[in-house]
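> Got a predicted model here, sequence first, then my questions.
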Amino acid sequence: MNINVLDTTLRDGEQTPGVSLTPQEKLRIATKLDEIGVEFIEAGSAITSEGERESIKQITKQGFNAEILSFSRPLTVDIDYCLECDVDAVNLVVPTSELHISDKLQTTKEKLIDLSNDAVDYCKDHGLIVELSAEDASRSDVDFLKSVYVNAIQHGVDRICVCDTVGILTPDSSFELFSQLRDLSVPISCHCHNDFGLAVANTLSAIKGGASEIHTTINGIGERAGNTSFEECVVSIDRLLDDYSTNIRINEIYDISKLVARLTGVYIQPNKAIVGENAFSHESGIHSDGIIKNSATYEPMTPELVGRKRKFVIGKHMGTHGLDNRLKELGLNVNDNQLKQICDDIKILADKGKTVTDVDLQVIADNVLEINHKDRIKLDEVTIVSGNKVMPTASVKISIDGEEILNAGVGLGPVDAAINAIKSLDIFQDIDLIEYHVDSITGGTDAFIDVIIKLQKGDKVVSARGTEADIINASVKAYIAGVNRLLSD
Ligand code: MN
């Protein structure tokens, strides 16, 4: 059975605290919603403001496939503004709980039914499609709720909606409530809020109970804890409910999620299902190993299904299998010993509380691959004396072709002094340092320092890098690595 989707990102979603979209931004989102296959787009609430009406008009002008709705109270003033915006339909919201009727509207049930019937008549007289949403339906007396719907249906309403306005349904009570309404003669939709984190679960239960339409917002944005999340709900229907499907192009879900996150400034938690940064990331060695052999071992769906890519995160839980895979992606082929050395170095870095990035991995791998060259020059020791009233002085112990040499030098700073101590030896005489560049790999004073240098000897130019927690060691290491490369054929 096909489930229709009404997306209310542009109305309920925009009611997220701190979110306000320009007409251009709303149009971009609406365009994408239409492309992805949403049947109904609630574009806003026409009564709200001139700007809001401008947004809705922009959207209704496009001739989208989707039906365009505006939110409306059961009042002619609201409906007139909807008509001005040339919407196809209204989401006519009628409160049905005792609490809303007596405390908010300060009216009676009888008067409310009259109000609702009159509004439906007015809409139908003006050619509007009407979805009647019972606000706070989940806290309403079921018999009264039914009588509101039955009256509306008699007045020609096209669809009805059950709103769990404060998100208090559970999967069981949601199923129960929809089952009691399933015999009504028009399609029923389900509008859930996520106050207890149950919006998606309750929406799925509503479908089982008889709902044929769901209300969602992209990334689940909305008032308070938000609404039923479009991506979670649509993918769940597709993957977990055997007899149901939607018309949504699931492989574009990640794109629309990113678009809405960017335009609203409401960023997605990393562990959010489907669209969170970590949803298809693997670090653990056992998991990565399983994934590489058969992705179904630790993924209930492929990342490609929702327009994403699998990611192996580099970290201390990563096994050699996943690491080898990542290195190959970076174009680095290593042997077993090198792989083990790289793995050990990553664990040292990770144990210091560092996030290991691709750049870190590249540098670590470079270092390990360097070590395995036959180097003519090896650094044994560097000692620095430095301070605010001392001429920076360095002494170095290096071996050249196995012969141990001690030397000293001074410089403008400790790095300069250390390089000078090495450079003054004969073997370095015709080597020029033409570039010196320092990067802190990660933030903090305990960051690893990445030094990249360029050296020249005659026509030959090489670059080399050194990565250490200590800037002097990193510089000397880079310098010697570069010289070794220049001296190798
Ligand atoms: Mn709502």
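Received, thanks.
> If you rank every helix and strand of the chain by mean pLDDT, what lands last?
helix 358-371 (a mean of 73; mean pLDDT, DSSP states H and E).
> Just the buried positions in it, please.
360, 361, 362, 363, 364, 365, 366, 367, 368, 369, 370 (16 or more other CB atoms under 10 Å). Quick note: C-beta positions are derived from backbone N, CA and C, even for glycine.
> Among those residues, find me the one that's closest to residue 250.
residue 361 (32.1 Å; CB to CB).
> name the element residue 486 belongs to?
For residue 486, the host element (DSSP states H and E) is helix 471-487.
> quick one: that helix to helix 358-371, angle?
Here helix 471-487 runs at an angle of 50 degrees relative to helix 358-371 (axes from the mean of the first three to the mean of the last three CA atoms, to 10 degrees).
> After the host helix or strand of residue 420, which helix or strand is next? Please name it.
Assessed by DSSP H and E, residue 420 sits inside helix 414-423. The first helix or strand that comes after helix 414-423 along the chain, using DSSP H and E, is strand 432-440.
> contacting residues around that next one?
Strand 432-440 is contacted from outside by 419, 423, 447-457, 461, 463, 471, 474-475, 479, using CB atoms under 8 Å, 6 or more residues apart in numbering.
> Let's see that with 10 Å instead.
359, 363, 415-416, 419, 423, 446-458, 461, 463, 465, 467, 471, 474-475, 478-479, 482-483 (CB atoms under 10 Å, 6 or more residues apart in numbering).
> Quick check: next helix or strand after it?
Beyond strand 432-440 toward the C-terminal end (DSSP H and E), the next one is strand 449-457.
> relative to helix 358-371, how tilted is that following strand?
50 degrees.
> can I assume residue 98 is in contact with residue 145?
No - using CB atoms under 10 Å as the test, residue 98 is too far from residue 145 to be in contact (11.1 Å).
> of those two, who's got more company?
residue 145 (22 against 14; other CB atoms under 10 Å).
> Return the alpha-carbon coordinates of the least confident helix or strand of the chain using PDB.
Listed in PDB are the C-alpha atoms of helix 358-371, where the atom choice follows Å, rounded to 0.1, in the frame of the first residue of the first chain:
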ATOM      1  CA  ASP A 358      43.300  11.600   6.900                       C
ATOM      2  CA  VAL A 359      46.100  14.100   7.000                       C
ATOM      3  CA  ASP A 360      47.400  12.500  10.200                       C
ATOM      4  CA  LEU A 361      47.200   9.100   8.600                       C
ATOM      5  CA  GLN A 362      49.000  10.400   5.500                       C
ATOM      6  CA  VAL A 363      51.800  11.800   7.600                       C
ATOM      7  CA  ILE A 364      52.200   8.800   9.800                       C
ATOM      8  CA  ALA A 365      52.300   6.600   6.800                       C
ATOM      9  CA  ASP A 366      54.900   8.800   5.100                       C
ATOM     10  CA  ASN A 367      57.000   8.600   8.200                       C
ATOM     11  CA  VAL A 368      56.800   4.800   8.300                       C
ATOM     12  CA  LEU A 369      57.600   4.500   4.700                       C
ATOM     13  CA  GLU A 370      60.500   6.900   5.100                       C
ATOM     14  CA  ILE A 371      62.000   4.800   7.900                       C
END
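> just checking, what packs against that helix?
Contacts defined by 3 or more CB pairs under 10 Å, 6 or more residues apart in numbering; DSSP states H and E place helix 358-371 against helix 320-329, helix 336-351, strand 449-457, strand 460-468, helix 471-487.
> partners of the helix or strand where residue 91 lies in the sheet?
In the assignment (DSSP H and E), residue 91 maps to strand 89-95. Partners of strand 89-95 in the sheet, by DSSP bridges, are strand 67-72 (parallel), strand 129-135 (parallel).
> May I have the last one exported as PDB, CA atoms only?
Meaning strand 129-135. Extracted in PDB, the C-alpha atoms of strand 129-135 (Å, rounded to 0.1, in the frame of the first residue of the first chain):
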ATOM      1  CA  ILE A 129      -8.900  20.900  -1.100                       C
ATOM      2  CA  VAL A 130      -9.200  20.500   2.600                       C
ATOM      3  CA  GLU A 131      -7.300  18.400   5.000                       C
ATOM      4  CA  LEU A 132      -8.800  18.800   8.500                       C
ATOM      5  CA  SER A 133      -6.300  18.400  11.300                       C
ATOM      6  CA  ALA A 134      -7.600  17.800  14.700                       C
ATOM      7  CA  GLU A 135      -5.100  19.500  17.000                       C
END
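> and whichever helix or strand comes after that strand, which residues are buried?
From strand 129-135 onward toward the C-terminus, using DSSP H and E, the following helix or strand is helix 142-154. Using 16+ other CB under 10 Å as the test for burial, helix 142-154 gives 144, 145, 146, 148, 149, 151, 152, 153.
> Distance to residue 430 and pLDDT for those - can I get that in CSV?
Formatted as CSV, the buried residues of helix 142-154 follow (distance: CB to CB, whole Å; pLDDT from 0 to 100):
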residue, distance to residue 430, pLDDT
144, 95, 96
145, 91, 97
146, 95, 97
148, 93, 97
149, 91, 98
151, 97, 97
152, 92, 98
153, 94, 98
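> Same list (the residues you listed) but as TSV, adding distance to residue 326.
Below are the buried residues of helix 142-154 laid out as TSV (distance: CB to CB, whole Å):
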residue	distance to residue 326
144	61
145	56
146	59
148	59
149	56
151	63
152	58
153	59
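> Residue 323: which of these is nearest?
residue 145 (58.2 Å).
> what's near enough to touch the closest residue to residue 227 other than its chain neighbours?
In space, and not counting its chain neighbours, residue 227 is closest to residue 217: 4.3 Å by CB to CB, 6 or more residues apart in numbering. By CB under 10 Å, 6+ apart, the contact set of residue 217 is 7-16, 42, 194, 199, 226-230, 260.
> where does the stretch 351-489 of the chain dip in pLDDT?
Applying pLDDT under 70 to the stretch 351-489 of the chain flags residues 353-355, 357-359, 370-373, 441-443, 489.
> tell me the mean pLDDT for stretch 79-93?
Regarding stretch 79-93, the rounded mean pLDDT is 98.
> Go through it and flag the buried ones.
In stretch 79-93, counting by 16+ other CB under 10 Å, buried: 79, 81, 82, 83, 85, 87, 88, 89, 90, 91, 92, 93.
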